[in-house]
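Here's a sequence, model it:
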Amino acid sequence: MRGFTDYESMAMFDLVEAERLVLAGRFDIVVDGFSALDGYDTSEVEPLVSVLDVPCVLRDDVSMKIFSRDEVLRNAPESHDGYFQVPATIE
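Residues are numbered from 1 along each chain as shown. Purely as a prediction, here's the structure:
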């Protein structure tokens, strides 16, 4: 297994040695695949959101007030000073 010693503490798996060897081989394939991309100069390439040449059909993210605070809090089981009041979750 090469290059994964830095990440061992980040993800502790209880695997037998045979499983570790299989996974290490699969990870090596993935890493090698991404490493192959390092040889390409992409400094002149425009970033893409989609490979399809279609305009964005999403709406603009516009903030709008649908309900007033009083209308929303009217349905709350409990409120205090204009906020929802909920049971304490940290002792």
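
which residues sit in contact with Asp70?
For Asp70, no contacting residues are found, by CB atoms under 8 Å, 6 or more residues apart in numbering. Backbone N, C-alpha and C define where each C-beta goes, glycine included.

again, only using 10 Å
Shown in contact with Asp70 (CB atoms under 10 Å, 6 or more residues apart in numbering): Ser79, Gly82.

so where's the chain uncertain?
Along the chain, segments meeting pLDDT under 70 span 1-13.

hey, where'd the helices end up in it?
All helices of the chain, identified by DSSP state H, fall at 17-37, 69-74.

Dump the ones you listed into a markdown table; add distance to Ile90 as well.
Compiled in a markdown table, those are given as follows (distance: least, CB to CB, whole Å):
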| stretch | distance to Ile90 |
| --- | --- |
| helix 17-37 | 38 |
| helix 69-74 | 23 |
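
So which of these is nearest Glu44?
Between Glu44 and these, the tightest spacing by CB to CB is seen for helix 17-37, at 15.5 Å.

Who are the packing partners of that closest one?
Using 3 or more CB pairs under 10 Å, 6 or more residues apart in numbering; DSSP states H and E as the contact definition, helix 17-37 packs against no other helix or strand.

Export only the CA atoms of that helix, formatted as CSV.
Taking Å, rounded to 0.1, in the frame of the first residue of the first chain, the C-alpha atoms of helix 17-37 are listed here in CSV:
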residue,chain,number,x,y,z
GLU,A,17,-5.4,-8.4,5.8
ALA,A,18,-6.9,-9.9,2.6
GLU,A,19,-9.6,-7.2,2.5
ARG,A,20,-7.0,-4.5,3.1
LEU,A,21,-4.9,-5.7,0.2
VAL,A,22,-8.0,-5.8,-2.1
LEU,A,23,-9.0,-2.3,-1.1
ALA,A,24,-5.4,-1.0,-1.4
GLY,A,25,-5.3,-2.2,-4.9
ARG,A,26,-8.6,-0.6,-5.8
PHE,A,27,-7.5,2.7,-4.2
ASP,A,28,-4.3,2.6,-6.2
ILE,A,29,-6.3,2.3,-9.4
VAL,A,30,-8.3,5.4,-8.5
VAL,A,31,-5.3,7.4,-7.5
ASP,A,32,-3.4,6.4,-10.7
GLY,A,33,-6.5,7.5,-12.7
PHE,A,34,-6.5,10.9,-11.2
SER,A,35,-2.7,11.2,-11.4
ALA,A,36,-2.9,10.6,-15.1
LEU,A,37,-4.8,13.9,-15.3
